[in-house]
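K.L.:
Got a sequence here, can you model it:
(one chain, ligands or ions: 2)
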Amino acid sequence: MPIRQLPDTLINQIAAGEVVERPASVVKELVENALDAGALRIDIDLEEGGVRLIRIRDDGAGIAPEQLPLAISRHATSKIASLDDLEGVATLGFRGEALPSIASVSRFAMSSRRADDGHGATIEVEGGRVGEVAPRPHPQGTTVEVRDLFFNVPARRKFLRAERTELGHIEEWLRQLALARPDVELRMSHNGKPSRRWKGDSDLLSDVRLHETLGEEFARNALHVDHEGAGLRLHGWIAQPSYNRASADQQYLYCNGRAIRDRSVAHAVKQAYADVLFHGRQPAYVLFLELDPRRVDVNVHPAKHEVRFRDSRLIHDFVYRTLQAALAETRAGSTPTHGQ
Ligand code: ADP
Ligand code: MG
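P.N.:
Ligands and ions are numbered 1, 2, ... in the order given. Below is the predicted model:
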């Protein structure tokens with residue numbers, strides 16, 4: 001075959017292979033967009049585990065009507081403009097590929113209005129075919145509707161699991177988010193019935209939200225940690241060793257507000273627990289690491305679950321020492337700090 005330039009829709013569908021694995025990845029990308037737009041309330045309506053419908057409505061900044069086609073164009077973003085911006089990126093998104101990818105493998109619609117605009121507008125895309133921008137009343141903010149995910153990609157549709165399973169993935173991701181953003185109100189409905197609600201009420205992760213998300217047992221056994229040094233801050237909650245798990249199912253780690261998986265930090269935590277946990281048991285924690293965004297590279301993988309720390313060793317030791325000291329303090333018999 002001769003070498004050919006691929007059509008845009010196919011390019012987007014190829015990118016979708018990396019960014020859109022299942023309904024939960026769509027929810028993640030759309031909710032991250034809402035958060036980047038400054039939303040404080042996000043409504044998530046799902047049908048059939050998100051396969052039939054994912055509708056996300058936010059009260060964020062909104063998009064100007066003439067910018068709607070750009071929002072769904074590949075490599076178009078309002079979040080970075082230069083390499084320098086990329087190196088210090090503070091938003092959850094920056095690659096400008098989630099919306100075009102999602103729109104290329106679904107029946108997609110986005111409606112929006114900015115606070116100062118008199119009218120809202122909407123744009124529809126079906127399997128990558130983009131329609132015209134049309135006026136449409138809308139409260140301030142944005143609504144994105146994704147119907148019939150993978151309707152045009154049978155090979156991907158085949159890998160979708162039962163409704164329960166897909167819903168479980170979405171709920172797990174929302175739990176992660178609810179821990180990181182207690183200031184945001186989240187409401188979820190499934191098949192027309194309200195199913196989860198987190199009331200946004202504080203900047204700080206409270207006992208209440210901890211309890212709601214990880215359960216009463218965790219909340220009762222949680223030690224509060226907050227330590228700064230070397231330009232790093234580690235805060236959050238770790239369970240006392242007496243509360244431990246058979247699997248790593250309650251290990252939540254965030255870097256600058258983004259949920260991440262990091263082997264080095266996970267290792268540092270395990271090491272801090274090494275003397276106080278039985279072999280094979282897992283600690284439970286919700287930890288937030290904050291540092292200058294320039295010290296961490298988030299542009300490692302399209303899904304952004306992984307990051308690369310510029311000084312990984314230093315961070316490992318900081319996490320280890322902070323948690324070891326916190327655990328040693330409780331062992332020394334001081335009353336466990338529950339709450340603050
Ligand atoms: P990225 O988030 O990496 O910039 P996306 O494809 O997810 O790329 O979104 C493209 C652009 O569309 C964003 O940069 C933003 O300007 C705009 N956008 C997307 N979702 C929203 C939203 N919910 N509210 C306001 N603007 C949005
Ligand atoms: Mg995005």
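K.L.:
C-alpha from now on. contacts and neighbour counts both.
P.N.:
Will do.
K.L.:
Count the neighbours of the residue nearest to residue 136 when sequence neighbours are not counted for me.
P.N.:
Distances taken as Cα to Cα, 6 or more residues apart in numbering put residue 121 closest to residue 136, at 4.6 Å, once the chain neighbours are dropped. Residues within reach of residue 121, counting by other Cα atoms under 10 Å, total 21.
K.L.:
I'd say residue 121 and residue 134 touch.
P.N.:
Yes: counting by Cα atoms under 8 Å, residue 134 is a contact partner of residue 121 at 5.5 Å.
K.L.:
Now do stretch 58-68, average pLDDT.
P.N.:
For stretch 58-68, mean pLDDT is 98.
K.L.:
Give the buried residues for that stretch.
P.N.:
58, 59, 60, 61, 62, 63, 64, 65, 68 (16 or more other Cα atoms under 10 Å).
K.L.:
just stretch 138-153 next, same as before
P.N.:
Under the neighbour-count criterion of 16+ other Cα under 10 Å, stretch 138-153 has 138-152 buried.
K.L.:
thinking again about what came up before, what sits opposite the residue nearest to residue 136 in the beta ladder?
P.N.:
As for beta bridges, residue 121 partners with residue 112, residue 135 under DSSP bridges.
K.L.:
ok, it - contacts?
P.N.:
By Cα atoms under 8 Å, 6 or more residues apart in numbering, the contact list for residue 121 reads 65, 111, 112, 113, 133, 134, 135, 136, 137, 138.
K.L.:
Excluding chain neighbours, give the residue nearest to the second one in space.
P.N.:
Put plainly, it is residue 111. residue 122 (4.1 Å).
K.L.:
The one you found and ligand 1, how far apart?
P.N.:
13 Å (Cα to the nearest ligand atom, to the nearest Å).
K.L.:
Return the per-residue confidence for that residue.
P.N.:
Note on residue 122: pLDDT of 98.
K.L.:
Could you pick out the residues of this protein near ligand 1 for me?
P.N.:
33-34, 37, 60-63, 71, 76-79, 93-99, 142 (Cα under 6 Å from any ligand atom).
K.L.:
buried ones in the lengthiest helix in the chain?
P.N.:
If you go by DSSP state H, the chain has its longest helix at helix 312-331. Residues of helix 312-331 classed as buried by neighbour count (16+ other Cα under 10 Å): 315, 316, 317, 318, 319, 320, 321, 322, 323, 324, 326, 327.
K.L.:
Point out where this structure drops to low pLDDT.
P.N.:
Judged against pLDDT under 70, the low-scoring parts of the chain cover residues 333-340.
K.L.:
Could you find the closest non-adjacent residue to residue 144?
P.N.:
The spatially closest residue to residue 144, leaving aside those adjacent along the chain, is residue 110, at 4.4 Å (Cα to Cα, 6+ apart).
K.L.:
Contacts for the helix or strand harbouring the one you found next, please.
P.N.:
Assigned by DSSP states H and E, residue 110 belongs to strand 107-113. With Cα under 8 Å, 6+ apart as the test, strand 107-113 has contacts from 61-65, 68, 102, 119-127, 136-149.
K.L.:
Contacts only, for residue 92.
P.N.:
32, 33, 36, 258.
K.L.:
so who does the last one touch?
P.N.:
Under the criterion of Cα under 8 Å, 6+ apart, the neighbours of residue 258 are 92, 180.
K.L.:
Same check on the second one?
P.N.:
Taking Cα under 8 Å, 6+ apart as the criterion, residue 33 is in contact with 92, 93.
K.L.:
which helices and strands sit right next to the longest helix of the chain?
P.N.:
The contact analysis (3 or more Cα pairs under 8 Å, 6 or more residues apart in numbering; DSSP states H and E) places helix 312-331 against strand 222-229, strand 232-239, helix 263-273.
K.L.:
repeat that with 7 Å
P.N.:
If you count contacts as 3 or more Cα pairs under 7 Å, 6 or more residues apart in numbering; DSSP states H and E, helix 312-331 packs onto helix 263-273.
K.L.:
Which positions in the helix it packs on come out as buried?
P.N.:
264, 265, 266, 268, 269, 270, 271, 272, 273.
K.L.:
Next to ligand 2, which bits of the stretch 51-200 of the chain? Give me the list.
P.N.:
By Cα under 5 Å from the ion, the residues of the stretch 51-200 of the chain that approach ligand 2 are residue 93.
K.L.:
The same query, at a cut-off of 8 Å, please.
P.N.:
Counting by Cα under 8 Å from the ion, the stretch 51-200 of the chain comes close to ligand 2 at 92, 93, 94, 95, 96, 97, 98, 99.
K.L.:
okay, now the residue lying closest to residue 169 once chain neighbours are set aside: neighbour count?
P.N.:
Nearest non-adjacent residue to residue 169, counting by Cα to Cα, 6+ apart: residue 24, 5.8 Å away. By the criterion of other Cα under 10 Å, residue 24 has 23 neighbours.
K.L.:
and the helix or strand residue 24 falls within with ligand 2, contact?
P.N.:
In the assignment (DSSP H and E), residue 24 maps to helix 23-36. Yes: counting by Cα under 8 Å from the ion, contacts between helix 23-36 and ligand 2 involve 29, 30, 32, 33.
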